[in-house]
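Enquirer: what's the 3D shape of this:
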Amino acid sequence: MTRLLAEVEEYSLLQSSNLCRPLKYGDISSLIRATLEACSKVLARKGTVLEVKAAKSPFTSAAEPRIVAAAVVSLVSAAASANPFGRICANVDTGRSGMIVAVKGDEPIRDKKALALAAAAARVHKGGVALSDGTAAFSIRAGLTGALGFFSAPTVDEILKNPLSAVNIGLGYD
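Expert: Predicted coordinates:
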């Protein structure tokens, strides 16, 4: 059932990825960090190590949190599938002009839907996507305008307790 929900969510996000999405202001760094930490906990229960390197400094920008979280989880899930017995690493680097989210494993990510979701997240946030030497990354540009409203990043516990969170849908709800 969880796999079906994940496929429906991926289809929904990819189908509407070219539409103009309403953005919301919020701390995108906290959202990504909490999502990655939740992914790490879920994968640890399954025997996979996800090392997360993300600064705790805020990065407030206009963003579409649903597509960002889905892209992050999708890349982590694809890396875990490509590296079932290896270690995977997620790095989040922030700068003045934007941020980069990169997921790496010994084996490269080949999942086309995961890469398409990363590309969709990058497109919505005026960033780019790259794939090189086992690392898949997407960027989010700073200073996007035209946001309608605000979002607050959920905590790791809130993500894990919500059966419909991107983490529980993408990695399987326990």
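
Enquirer: Please count neighbours and contacts with C-alpha atoms only from this point.
Expert: Will do.

Enquirer: Do a quick rundown of the strands in this protein.
Expert: Secondary structure of the chain (DSSP state E): strands at 24-27, 49-54, 60-63, 87-94, 98-105, 129-132, 135-141.

Enquirer: And the ones you listed: which comes nearest Ala121?
Expert: With C-alpha to C-alpha as the criterion, Ala121 lies closest to strand 135-141 of the strands of the chain, at 7.6 Å.

Enquirer: hey, C-alpha coordinates of that closest one in CSV?
Expert: This file holds the C-alpha atoms of strand 135-141, laid out as CSV (Å, rounded to 0.1, in the frame of the first residue of the first chain):
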residue,chain,number,x,y,z
THR,A,135,26.3,11.8,-6.6
ALA,A,136,22.9,13.3,-7.5
ALA,A,137,22.3,16.9,-6.5
PHE,A,138,19.8,19.7,-7.0
SER,A,139,20.0,23.3,-6.1
ILE,A,140,17.6,25.9,-4.8
ARG,A,141,18.2,29.6,-5.6
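
Enquirer: Now mean neighbour count and mean pLDDT too, for the strands of the chain, in JSON lines please.
Expert: As requested, the strands of the chain are exported to JSON lines (neighbours: other C-alpha atoms under 10 Å; pLDDT from 0 to 100):
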{"stretch": "strand 24-27", "mean neighbour count": "21", "mean pLDDT": "89"}
{"stretch": "strand 49-54", "mean neighbour count": "19", "mean pLDDT": "95"}
{"stretch": "strand 60-63", "mean neighbour count": "23", "mean pLDDT": "88"}
{"stretch": "strand 87-94", "mean neighbour count": "20", "mean pLDDT": "94"}
{"stretch": "strand 98-105", "mean neighbour count": "22", "mean pLDDT": "95"}
{"stretch": "strand 129-132", "mean neighbour count": "15", "mean pLDDT": "92"}
{"stretch": "strand 135-141", "mean neighbour count": "24", "mean pLDDT": "94"}
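
Enquirer: quick check, distance from stretch 134-153 to the centre of its chain.
Expert: Using C-alpha atoms, centre = their mean, to the nearest Å, the mean C-alpha position of stretch 134-153 is found 11 Å from that of the whole chain.

Enquirer: Nice, that's everything, thank you.
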